[in-house]
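**Q** Need a 3D model of the sequence below.
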Amino acid sequence: MKLQTLVDKATQSTDITVAVAAAEDEEVIEAVTMALHHQFGRFLLYGDRDKITKLLKNYPTNDNVQIIHANSVAEVAELAVKAVHSNEANVLMKGNIPTATILKAVLHKEYGLRTGNVLSHVAVFEIPNYDRYMIVTDAAMNIAPDLDQKMQIIANAVTVAKAIGIDTPKVAPLAAVEVVNPAMAATIDAAALTMMNERGQLKGCIVNGPLALDNAVSELAAAHKGITNEVAGKADILLVPDIEAGNILYKSLVYFANAKVGAVIAGAKAPIVLTSRADSAESKLYSLALAVCSASK
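**A** Prediction:
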């Protein structure tokens with residue numbers, strides 16, 4: 001599956017507005033103008049008006065862009081988050097602003113975007129020579145999630161998966177082995193999540209684990225191990241045991257497998273595009289498209 005499909009899908013969502021916090025960044029502006037070219041979304045650009053205007057001169061724009069001046073990064077974060085809180089915007093996007101600053105605004109008790117659910121990072125990968133999207137969660141938000149948090153992380157990922165057309169996603173809780181080992185907490189959690197799914201506590205998906213990475217994504221590897229279930233070799237969502245595993249898997253796919261990726265923070269009132277400065281404009285566009293699809297759903 002190609003991430004370009006998400007861009008095409010996002011073009012059908014003409015009524016979505018994106019609030020961009022600290023838009024004075026070359027890659028952000030390029031991604032915004034690419035989105036405008038594909039005709040998905042209206043953009044509220046918060047930040048230094050002069051710097052944003054100067055950057056926009058290098059790109060074609062239209063009436064679907066509005067610049068709102070702010071004097072500091074704290075004010076930028078507050079204004080952008082308030083726009084989503086008040087339903088003036090449907091998606092929040094991080095620009096040239098520290099992650100901690102925008103998350104502080106997102107979690108603000110009065111005007112933030114908290115719902116009471118865990119916020120988690122959901123990354124959708126297009127991997128060369130692979131026949132489907134691969135979703136990895138959580139590679140950026142939750143350091144060492146407990147069982148309850150893992151349930152919510154799965155629920156967030158399932159919501160995103162359904163938004164991009166995966167009706168009943170198959171979820172593989174990853175571990176180093178496929179059997180329950182009391183000395184390996186990831187295997188115990190994986191088995192518990194599998195049982196919860198079977199008993200209807202985790203809905204809208206199929207969960208089976210623990211599974212090592214090879215047996216989650218390769219039917220041949222699973223067959224060699226004699227593992228036969230609905231998820232083995234056919235996983236749509238890879239639930240990593242902790243942030244270190246997620247971060248390493250995420251970056252391995254990008255740097256070793258030349259995978260393309262779009263990612264959002266799910267679990268808030270609205271999707272959040274929380275890209276890094278190292279992400280390309282193309283990657284930011286895919287993340288925007290994923291967020292727009294999620295918001296439309």
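**Q** Can you pull the domain assignment for the protein?
**A** 3-114+268-295, 120-257 (the TED database).
**Q** The one helix or strand residue 101 maps to - what's its average pLDDT?
**A** Using DSSP states H and E, residue 101 sits within helix 99-106. What helix 99-106 shows for mean pLDDT is 94.
**Q** After that helix, which helix or strand is next?
**A** Following helix 99-106 in sequence order, the next helix or strand is strand 120-126 (DSSP H and E).
**Q** Which strands or helices does that following strand pack on?
**A** strand 134-137, helix 147-163, helix 243-255, strand 260-266 (3 or more Cβ pairs under 8 Å, 6 or more residues apart in numbering; DSSP states H and E). C-beta coordinates here come from the backbone N, C-alpha and C atoms, glycine included.
**Q** again, 10 Å this time
**A** helix 4-10, strand 134-137, helix 147-163, strand 237-239, helix 243-255, strand 260-266, helix 281-296 (3 or more Cβ pairs under 10 Å, 6 or more residues apart in numbering; DSSP states H and E).
**Q** Direction included, what does that strand pair up with?
**A** Paired strands of strand 120-126, with direction, are strand 134-137 (antiparallel), strand 260-266 (antiparallel) (DSSP bridges).
**Q** name the element the nearest residue to residue 217 once chain neighbours are set aside belongs to?
**A** Nearest residue to residue 217 in three dimensions, chain neighbours excluded: residue 235, at 6.0 Å (Cβ to Cβ, 6 or more residues apart in numbering). Secondary structure assignment for residue 235, by DSSP H and E: no helix or strand.
**Q** Around residue 235, count how many other residues there are.
**A** Other residues lying near residue 235 total 29 when counted by other Cβ atoms under 10 Å.
**Q** Just confirm it contacts residue 132, I think it does.
**A** Yes. Applying Cβ atoms under 10 Å, one finds residue 235 in contact with residue 132, separated by 9.4 Å.
**Q** Which neighbours do these two have in common?
**A** Counting by Cβ atoms under 10 Å, 6 or more residues apart in numbering, the contacts common to residue 235 and residue 132 are residue 217.
**Q** Now do the helix holding residue 101 against strand 260-266, angle only.
**A** 40 degrees (axes from the mean of the first three to the mean of the last three Cα atoms, to 10 degrees).
**Q** Mind listing residues that contact helix 99-106?
**A** With Cβ under 10 Å, 6+ apart, helix 99-106 has contacts from 21-22, 72-82, 84-85, 92-95, 97-98, 111-114, 119, 140-141, 265, 268-270, 272, 274-276.
**Q** Filter those residues down to just the ones in helices.
**A** Judged by DSSP state H, the subset of these located in helices is 73, 74, 75, 76, 77, 78, 79, 80, 81, 82, 84, 85.
**Q** now the fourth one: how far from residue 25?
**A** Taking Cβ to Cβ, to the nearest Å as the criterion, residue 76 is separated from residue 25 by 12 Å.
**Q** what's the answer for the second one, then?
**A** Per Cβ to Cβ, residue 74 is found 17 Å from residue 25.
**Q** Just want to know which of the two has more residues nearby.
**A** Shown here are residue 74 and residue 25; by other Cβ under 10 Å, residue 25 has more neighbours (23 against 14).
**Q** Now for the nearest residue in space to the more buried one that is not next to it in sequence: which residues touch it?
**A** Nearest residue to residue 25, sequence neighbours excluded (Cβ to Cβ, 6+ apart): residue 96, at 3.9 Å. With contact taken as Cβ under 10 Å, 6+ apart, residue 96 is in contact with 20-28, 47-48, 51, 73, 76, 277.
**Q** ok, and the closest non-adjacent residue to residue 48?
**A** residue 24 (5.1 Å).
**Q** What distance do you get for the one you found to residue 52?
**A** Taken as Cβ to Cβ, the span from residue 24 to residue 52 is 5 Å.
**Q** Now do the shared contacts for the two.
**A** By Cβ under 10 Å, 6+ apart, the residues touching both residue 24 and residue 52 are 45, 46, 67, 95.
**Q** what's across from the nearest residue to residue 265 once chain neighbours are set aside in the sheet?
**A** Of all residues not flanking residue 265 in the chain, residue 272 sits nearest, at 3.9 Å (Cβ to Cβ, 6+ apart). Judged by DSSP bridges, the bridge partners of residue 272 are residue 92, residue 265.
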